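A.B. asks: sequence first, predicted model second:
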Amino acid sequence: KAGVTQTPRYLIKTRGQQVTLSCSPISGHRSVSWYQQTPGQGLQFLFEYFSETQRNKGNFPGRFSGRQFSNSRSEMNVSTLELGDSALYLCASSLQGQGETQYFGPGTRLLVL
Amino acid sequence: EDQVTQSPEALRLQEGESSSLNCSYTVSGLRGLFWYRQDPGKGPEFLFTLYSAGEEKEKERLKATLTKKESFLHITAPKPEDSATYLCAVQTRDGRGGSEKLVFGKGTKLTVNP
């Protein structure tokens, strides 16, 4: 069974730009969650999507947004990038939601210059 | 506010030297506690889920235990390949909307020297 895949694996952007990251969950998994990981803050929850609807949201500004498609693939978008957005962005999938074991992808490393 | 605290932040062991990692939590309603292992440049890899105080789970050299306030990850006779960051996450339910979320600790970086 293929695992969670994320593209791209690495990105370099400049301040003010926007970026879109993609996540393909494990086949059959309908819940996709996004996390930001930094050395100082650790893993922080961004949002969760289930059946194309945002079901839960963390404490991040509106510059961070996401969506989920009918095939459960998900994208997250960050607009007007700031230096502090440099981080590892992780996607995790599960069958029904955060109440179950989540399986993580390898992450997208974003560097904002 | 829900909080998960892991200690120590970093731990160095000699191969074969057993030890324990701690995860303490203050949450409004614990529904489950997860342990993950993360290698550099990779996503977290699931290890265990614990649901109730007194529960224990084992996998090779690792054993996770849970009390009402904390969880321990015991590592018996570790090997260099056990070197990784170990993350603890607590599953809670938002009382307002009823949605569930995971709150992660910052992890313990374990280094096992040969």
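C.D. replies: Yep, that arrived. Note that the coordinates shown come from a computational prediction; the quantities given were computed from them, not determined experimentally.

A.B. asks: surely A:Q6 meets A:R109?
C.D. replies: No - assessed by C-beta atoms under 8 Å, A:Q6 is found out of contact with A:R109, at 10.1 Å. Every residue, glycine included, has its C-beta placed from N, CA and C.

A.B. asks: between those two, which is the more surrounded one?
C.D. replies: A:Q6 (20 against 16; other C-beta atoms under 10 Å in any protein chain shown).

A.B. asks: contact partners for the more buried one?
C.D. replies: Each residue near A:Q6 by C-beta atoms under 8 Å, 6 or more residues apart in numbering or on different chains is listed here: A:L21, A:S22, A:C23, A:S24, A:Y89, A:L90, A:C91, A:G105, A:P106, A:G107, A:T108.

A.B. asks: how many other residues sit next to the spatially closest residue to the fourth one that is not a sequence neighbour?
C.D. replies: Taking C-beta to C-beta, 6 or more residues apart in numbering or on different chains as the measure, A:S24 lies nearest to A:T5, with 4.6 Å between them; neighbours along the chain are not counted. Other residues within reach of A:T5 by the criterion other C-beta under 10 Å amount to 15.

A.B. asks: wait, A:T5 touches A:F104, no?
C.D. replies: No - the pair A:T5 / A:F104 is not scored as a contact, 11.1 Å apart, by C-beta under 8 Å.

A.B. asks: which pLDDT value goes with A:F64?
C.D. replies: With respect to pLDDT, A:F64 scores 97.

A.B. asks: just grab the bridge partners of it for me.
C.D. replies: For A:F64, the beta-bridge partners under DSSP bridges are A:V78.

A.B. asks: how far away is it from B:P114?
C.D. replies: Counting by C-beta to C-beta, to the nearest Å, the separation of A:F64 from B:P114 is 42 Å.

A.B. asks: those two: who's more crowded?
C.D. replies: A:F64 (18 against 7).

A.B. asks: the more buried one and B:E60, how far apart?
C.D. replies: 38 Å.

A.B. asks: what of A:S33?
C.D. replies: Per C-beta to C-beta, A:S33 is found 27 Å from B:E60.

A.B. asks: who's more crowded, these two?
C.D. replies: A:S33 (28 against 9).

A.B. asks: element containing that one?
C.D. replies: A:S33 belongs to strand A:31-38 when assigned by DSSP states H and E.

A.B. asks: buried stuff in that strand?
C.D. replies: By neighbour count on 16 or more other C-beta atoms under 10 Å in any protein chain shown, the buried set for strand A:31-38 is A:S31, A:V32, A:S33, A:W34, A:Y35, A:Q36, A:Q37.

A.B. asks: which residues sit against that strand?
C.D. replies: The contact list for strand A:31-38 (C-beta under 8 Å, 6+ apart) reads A:23, A:25, A:43-50, A:55-56, A:60, A:66, A:68, A:72, A:74, A:76, A:86-98, A:100, A:102, A:107, B:102, B:104.

A.B. asks: residues contacting the residue most central in space within chain B?
C.D. replies: Centroid-nearest residue in chain B, with C-alpha atoms, centre = their mean: B:C88, separated by 3.3 Å. Contacts of B:C88 were listed using C-beta under 8 Å, 6+ apart, and they are B:4, B:6, B:23, B:25, B:33-36, B:71, B:73, B:104-105, B:107.

A.B. asks: list just the nearest of the residues you listed to B:R12.
C.D. replies: Nearest to B:R12 among these: B:G107, at 15.0 Å, using C-beta to C-beta.

A.B. asks: ok but B:E81 is inside a strand, no?
C.D. replies: No - with DSSP: H, G, I helix; E, B strand; the rest coil as the criterion, B:E81 is assigned helix and is not in a strand.
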